[in-house]
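> here's my sequence, what's the structure:
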Amino acid sequence: MASGEVRGGAPASRETALLDPHRLVEHVDAVVLTGGSAFGLATADGVMRALEARGRGFSTAGGKVPIVPTAAVYDLVSSGGARPGPEEGAAAFAAAEPGAPHATGRVGAGTGATVGKWKGADDRVPGGLGSVSRRVDEAVVGALAVVNAIGDVVGDDGRVLAGSTAPPDAPPFPDPLPFVEGQHTTLVVVATDARLTKLECHLVAQTAHHAMSRALHPSHTRFDGDVSFVVATGATGAHFDRLRVAAGDAVADSIRSAVA
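Model (predicted):
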């Protein structure tokens with residue numbers, strides 16, 4: 001079961017419209033987070049082929065169609081122009097088997113990520129990929145974040161954990177805007193083994209965006225393509241409101257762990 005929400009002003013995404021609670025499809029087969037800007041959305045092709053080979057997907061008269069929502073960050077400058085495609089998608093799918101090692105930091109979609117660009121791109125610092133989980137009743141809720149934000153990463157006390165190296169009195173969003181990378185973005189996946197409806201997944205996706213606002217300053221600018229995805233396997237139970245609180249904490253901490 002899955003849903004999601006796009007709030008950033010500059011998203012690079014695929015198959016996100018069907019995540020709306022009013023749309024027909026309720027289940028997804030995978031979620032892909034990638035670099036390479038819109039070019040990187042091609043990674044989903046490799047994931048779809050791998051899923052098709054396993055007989056996974058939405059049943060149609062012409063065969064099963066794997067449902068793979070995908071979102072990309074813009075890192076074409078810091079990554080040296082790398083454009084992951086179907087081969088990299090298939091390799092990521094193979095590496096995502098249960099129990100496989102899970103690296104964080106400047107790996108995967110976080111390889112070329114940077115943060116703290118709101119006072120000028122020259123003053124940015126490394127971002128990355130972070131992951132945190134929480135237990136709620138019988139369930140576990142985890143968050144995975146790719147942090148490539150315009151803003152700084154901050155703690156709940158407002159302390160900057162990773163951010164612009166510009167002088168404190170430097171003006172934000174200087175004119176003309178020197179953002180040589182053009183677009184940025186934070187991507188989040190919240191995954192739980194709790195039983196959730198598609199609407200409940202959507203509400204958790206909203207919570208994920210609230211958590212982005214806690215951990216990023218500023219967040220959701222017109223240069224960010226911020227997206228949250230929520231998936232629930234339905235294996236166990238949890239109090240929904242407690243799960244939302246835990247999910248928000250996991251998202252905020254996963255963003256912070258990406259730069260730890």
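> what secondary structure does residue 98 sit in?
On the three-state scheme (DSSP: H, G, I helix; E, B strand; the rest coil), residue 98 is labelled coil.
> run a quick neighbour tally on it.
Applying the criterion other CB atoms under 10 Å, we find 4 residues in the vicinity of residue 98. (Glycine included, C-beta is placed from N, CA and C.)
> got it, and the one 4 residues further on?
Applying the criterion other CB under 10 Å, we find 12 residues in the vicinity of residue 102.
> spatially nearest residue to it (excluding sequence neighbours)?
Leaving aside its chain neighbours, residue 102 sits nearest to residue 131 (6.6 Å; criterion: CB to CB, 6 or more residues apart in numbering).
> which residues does the one you found bridge with?
Residues in a beta bridge with residue 131, per DSSP bridges, are residue 144.
> what about the nearest residue to residue 138 once chain neighbours are set aside, how many residues nearby?
Nearest residue to residue 138 in three dimensions, chain neighbours excluded: residue 236, at 4.5 Å (CB to CB, 6+ apart). In terms of burial, residue 236 registers 14 neighbours under the definition other CB under 10 Å.
> over to residue 46?
Applying the criterion other CB under 10 Å, we find 22 residues in the vicinity of residue 46.
> and residue 22, by the same measure?
In terms of burial, residue 22 registers 7 neighbours under the definition other CB under 10 Å.
> all helices for this protein, in order.
Listed in chain order, the helices found in the chain under DSSP state H are 43-53, 86-95, 198-215, 240-257.
> what's the third one packed up against?
Meaning helix 198-215. strand 2-6, strand 185-194, strand 227-236, helix 240-257 (3 or more CB pairs under 8 Å, 6 or more residues apart in numbering; DSSP states H and E).
> sorry, back to before: separation between the residue nearest to residue 102 and residue 16?
Counting by CB to CB, to the nearest Å, the separation of residue 131 from residue 16 is 21 Å.
> same check on residue 242?
Here the distance between residue 242 and residue 16 works out to 27 Å (CB to CB).
> who's more crowded, those two?
For residue 242 against residue 16, the residue with the higher neighbour count under other CB under 10 Å is residue 16, and the figures read 17 against 14.
> for residue 112, see how far away residue 81 is.
For residue 81 relative to residue 112 (CB to CB), the value is 10 Å.
> same question but for residue 152, I mixed them up
As for residue 152, its distance to residue 112 is 18 Å (criterion: CB to CB).
> centroid residue for this protein?
residue 187 (2.1 Å; CA atoms, centre = their mean).
> next up, the contacts around the residue lying closest to that residue once chain neighbours are set aside.
Counting by CB to CB, 6+ apart, residue 146 is the residue found nearest to residue 187 once chain neighbours are left out, at 4.3 Å. In this structure, residue 146 makes contact with 33, 73, 108-110, 113, 127-129, 185-188, 258, judged by CB atoms under 8 Å, 6 or more residues apart in numbering.
> do residue 191 as well
Applying CB under 8 Å, 6+ apart, we find residue 191 in contact with 141-144, 230-233.
> for those residues, which ChimeraX command selects only the ones that are buried?
Under the burial definition 16 or more other CB atoms under 10 Å, those of these that qualify are selected in ChimeraX by:
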select :141,142,143,144,230,231,232
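> a markdown table for the contacts of residue 191, including distance to residue 167 and pLDDT?
What follows is the contacts of residue 191, written out as a markdown table (distance: CB to CB, whole Å; pLDDT from 0 to 100):
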| residue | distance to residue 167 | pLDDT |
| --- | --- | --- |
| 141 | 40 | 98 |
| 142 | 38 | 97 |
| 143 | 33 | 98 |
| 144 | 34 | 98 |
| 230 | 39 | 98 |
| 231 | 42 | 98 |
| 232 | 45 | 98 |
| 233 | 48 | 97 |
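> isn't the residue nearest to the centre of the chain up against residue 108?
No: applying CB atoms under 8 Å, one finds residue 187 not in contact with residue 108, separated by 11.0 Å.
> how close does the residue of the chain most remote from its centre get to residue 54?
Ranking residues of the chain by C-alpha distance from their mean position (CA atoms, centre = their mean) puts residue 61 at the top, at 32.5 Å. Relative to residue 54, residue 61 is positioned 20 Å away (CB to CB).
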